[in-house]
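>>> The following block contains a protein sequence and its predicted model.
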Amino acid sequence: MIEILKLEFFRNAIIGGILASIACGIIGSYIVSKRIVFITGGISHACFGGIGIGYFFGINPLIGALLFGIFSSFLIGTASLKAKEKEDTIIGVLWAFGMSLGILFISLSKKYAPDLLSYLFGSILTITLTDIKLMIFLDLIILISVFIFYKEFLAISFDEEFSKIRGVNVEFFYLFLLFLVSLTIVLLLRIVGIILVISLLTIPPAIISQFFYKLNRIMIFSTFTIIFFITSGLFISYFLNIPSGATIILLASFFYLVSLLFPCLKS
Amino acid sequence: MNEDFVIEIKNVYVRYKDFDVLEDINLNVKENDFLGIIGPNGGGKTTLLKTILGIIKPYKGEIKILGEEPQNARKFIGYVPQYVFFDMKFPITVWEVVLMGRLGRDKYFKKFTKEDMEIAEMSLKYVEMEKSKDKKIGELSGGERQRVFVARALASQPKILLLDEPMANVDSPREKEFYELLKKLKEKLTIILVSHDIGIISAYVDKIACLNRKIYYHDSKEILLQDLSAVYGCPVDIIAHGLPHRVLKEHD
């Protein structure tokens, strides 16, 4: 056990996992309590377009995903503010559009894309030092923003209308929150990939919110839960030689099911 | 415009797509009035409140709240929205809900001050919910929750209080308690309460208006039977038993 921690890629994986957990726990708690899971799914899949374009132009696919994620979060956010009745259609379109665009650009680039699957399902063991630097940067943006605007984010998540009457710029904070969601998705891309991102964002806060009812506590305990899922998933997948992203999500899903049984056992 | 009125609504039309939700609304509310607005569901009651709040803009007509445009006067209005629109599983405590009443543009980048906390505390005490401060909002009964939403509205230290169907989800033994609270509030605030339930309103309010797209209002507590019939679209017969005041006027 100690031996593998001496391996650099394994250390990077652990550090990356912890960095991703911080953003994931905080923003995941908003996603679950504000019920924007579908929006999050749309943004994360749209990111694949950015990955494809990144491939094609030879820039870091994570940067491509970041730009595309920010763009699509703004698009979906505006749609949901201005045309609520069309919101889910627009999300659905953007979801598939991003995926198609990604595939198209990757095939156009005519380069062999061996780590394509790693963007779809994650590959925590390939996290580089550059990735870690990017993750620290994104984490800082998220932490500072939530620290400063905690009460505003809480208010618009619970009651947009009342917040608006009190003079809070609801549209701005809603778009800002979705912007932070897109940063979080990019942070998690290396760990679990585009397709599995949504479960790591939603499962831990869903488990924790059964036991706590203050948002800041849900954030903190979700973060620790995610660290637990990622590290234990990492070890299990390493020793059994199975895909890490899928192992992490299967572990999380298992604990979610157990947590659902918990109230039944109590009564 | 007239100085005596805190709310002045003149020939206001609100249109949704091609349909007039509110038609030619004229309504003047004096300071410390307690106005009840009744009307069927879908009659435009909530729309009227939101127009007063400046959330919905009329396409015709004029509204002045304390002599100002509705958007600028929001800070003077406390709003208790309909309970059904809340997600009761949301992780938020009573205290956090009440503090929302202290939010505003001037609070960006700042923590709530000691004064904010004191005002929130006082509002909670006022509705007698200070013991439930740390409870989750979803744990409360319908009546208790309604009190907390009143406290939240009070925390913004309003001059006008708008209540949208406040009795929905309040179990009947608690109703009276809630009206006692409103009676207390009446002393210091102008109140508009909308409900589809006439029986509840009639016993406590000072003035009644009927609303179903159009408004019928005579600056008094009496409802004309013809108004009610117009509002509900059918002849209405009301048996006003046990009510402390006479609501219906003889009609010729």
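Perfect, thanks for sending it. The model shown is predicted, which means the values in this text are computed figures rather than measured ones.

>>> pLDDT score for residue A:148?
pLDDT recorded at residue A:148 is 96.

>>> residue contacts, the residue of the stretch 1-150 of chain A found nearest chain B?
Residue nearest to chain B within the stretch 1-150 of chain A: residue A:33 (5.5 Å; CB to the nearest CB). Yep, even glycine has a C-beta here, placed from its N, CA and C like the rest. Applying CB atoms under 8 Å, 6 or more residues apart in numbering or on different chains to residue A:33 gives the contacts A:157, A:205, A:209, A:215, A:218, B:87, B:90, B:91.

>>> For PyMOL, write the select line for the buried members of those residues.
Burial among the contacts of residue A:33 is assessed by 16 or more other CB atoms under 10 Å in any protein chain shown; the matching PyMOL selection reads:
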select buried, (chain A and resi 157+205+209+215+218) or (chain B and resi 90+91)
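
>>> Columns distance to residue B:161 on top of the contacts of residue A:33, output as TSV?
TSV is the format used below for the contacts of residue A:33 (distance: CB to CB, whole Å):
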residue	distance to residue B:161
A:157	25
A:205	35
A:209	33
A:215	28
A:218	33
B:87	24
B:90	24
B:91	28
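
>>> closest to residue A:242 among the contacts of residue A:33?
Distance to residue A:242, by CB to CB, is smallest for residue A:205 among those, at 26.0 Å.

>>> And the residue nearest the centre of chain B?
residue B:163 (2.1 Å; CA atoms, centre = their mean).

>>> roughly how far apart are the closest residue to chain A within the stretch 1-150 of chain B and residue A:205?
Of all residues in the stretch 1-150 of chain B, the one sitting closest to chain A is residue B:136 (3.9 Å; CB to the nearest CB). Here the criterion is CB to CB, to the nearest Å. By it, residue B:136 lies 15 Å from residue A:205.

>>> got it, and residue A:159?
In terms of CB to CB, residue A:159 sits 20 Å off from residue A:205.

>>> that older thread, got the contact list for the residue nearest to the centre of chain B?
Neighbours of residue B:163 in contact, by CB under 8 Å, 6+ apart: B:80, B:150, B:182, B:191, B:192, B:193, B:194.

>>> can you pull the pLDDT of residue 252?
Went with chain A since none was named. Residue A:252 is given a pLDDT of 96.

>>> Chain B, not that one
pLDDT recorded at residue B:252 is 44.

>>> Okay, and the residue nearest the centre of chain A sits in which element?
The C-alpha lying nearest the average C-alpha coordinate of chain A belongs to residue A:185 (CA atoms, centre = their mean; 3.3 Å). Element membership for residue A:185 (DSSP states H and E) is helix A:170-208.

>>> what about that helix, near chain B?
No: Helix A:170-208 lies out of reach of chain B by CB under 8 Å from any CB of the partner chain, never closer than 9.0 Å.

>>> Would you state the helices of the chain in chain order?
I went with chain A, as the question did not name one. A:2-5, A:8-34, A:37-57, A:61-82, A:87-108, A:116-121, A:129-158, A:160-165, A:170-208, A:215-240, A:244-266 (DSSP state H).

>>> Chain B, not that one
With DSSP H as the criterion, chain B has helices spanning B:45-52, B:70-73, B:94-99, B:114-126, B:142-155, B:172-186, B:198-202, B:225-232.

>>> Which of those helices sits closest to residue A:248?
The nearest among these, by CB to CB, is helix B:94-99 at 32.4 Å.

>>> Which secondary structure elements does that closest one sit against?
helix A:129-158, helix B:114-126, helix B:142-155 (3 or more CB pairs under 8 Å, 6 or more residues apart in numbering or on different chains; DSSP states H and E).

>>> which residues touch the last one?
Surrounding helix B:142-155, the residues in contact under the criterion CB under 8 Å, 6+ apart are A:162, B:78-81, B:83, B:94, B:97-102, B:119-120, B:123-124, B:126-129, B:132, B:137, B:140, B:161, B:163, B:166, B:168-171, B:174-175, B:177-178, B:181, B:185.

>>> Output the set of residues of the stretch 1-150 of chain B in proximity to chain A.
Going by CB under 8 Å from any CB, the residues of the stretch 1-150 of chain B near chain A are B:53, B:55, B:74-75, B:77, B:79, B:81, B:85-87, B:89-93, B:96-97, B:99-101, B:103-109, B:112, B:136, B:138.

>>> Any of these buried? List them.
B:53, B:55, B:74-75, B:77, B:79, B:81, B:86, B:90-93, B:96-97, B:99-101, B:103, B:107, B:136.

>>> check contacts around residue B:78.
Per CB under 8 Å, 6+ apart, neighbours of residue B:78: B:101, B:153, B:154, B:156, B:158, B:160, B:161, B:162, B:189.

>>> So which of these wins on neighbours?
residue B:153 (28 neighbours; other CB atoms under 10 Å in any protein chain shown).

>>> how about the nearest residue to that one, chain neighbours excluded?
Leaving aside its sequence neighbours, residue B:153 sits nearest to residue B:78 (CB to CB, 6 or more residues apart in numbering or on different chains; 3.1 Å).

>>> And residue A:92, by the same measure?
Nearest one to residue A:92, counting by CB to CB, 6+ apart, is residue A:42 at 7.4 Å.

>>> okay, now the one you found: neighbour count?
28.

>>> hang on, it packs against residue A:89?
No: assessed by CB atoms under 8 Å, residue A:42 is found out of contact with residue A:89, at 10.7 Å.

>>> burial measure for the closest residue to chain B within chain A, as a count.
When scored by CB to the nearest CB, chain A has residue A:213 as its residue closest to chain B, at 3.9 Å. Applying other CB under 10 Å, we find 19 residues neighbouring residue A:213.

>>> contacting residues for it?
Taking CB under 8 Å, 6+ apart as the test, what residue A:213 contacts is B:91, B:92, B:93, B:136, B:138.

>>> so what's the backbone phi/psi at the residue lying closest to the fourth one once chain neighbours are set aside?
Right, residue B:136. For residue B:136, ignoring the flanking residues on the chain, the nearest one in space by CB to CB, 6+ apart is residue A:213 at 3.9 Å. Torsion angles at residue A:213 (phi, psi; degrees, to the nearest 10) stand at phi -130, psi 20.

>>> still on that earlier bit, which of the contacts of residue B:163 are buried, as a PyMOL select command?
Selection of the buried residues among the contacts of residue B:163 in PyMOL, burial being defined by 16+ other CB under 10 Å:
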select buried, chain B and resi 80+150+182+191+192+193+194
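
>>> Show residues contacting stretch A:38-47.
Against stretch A:38-47 from outside (CB under 8 Å, 6+ apart): A:31, A:65, A:68-69, A:71-73, A:76-77, A:80, A:87-88, A:91-92, A:94-99, A:178, A:181-182, A:185-186, A:189, A:194-195, A:197-198, A:201-202.

>>> Let me see the contact set for residue 140.
In the absence of a named chain, this looks at chain A. So residue A:140 contacts nothing (CB under 8 Å, 6+ apart).

>>> You answered for a different chain; I wanted chain B.
B:94, B:132, B:148.
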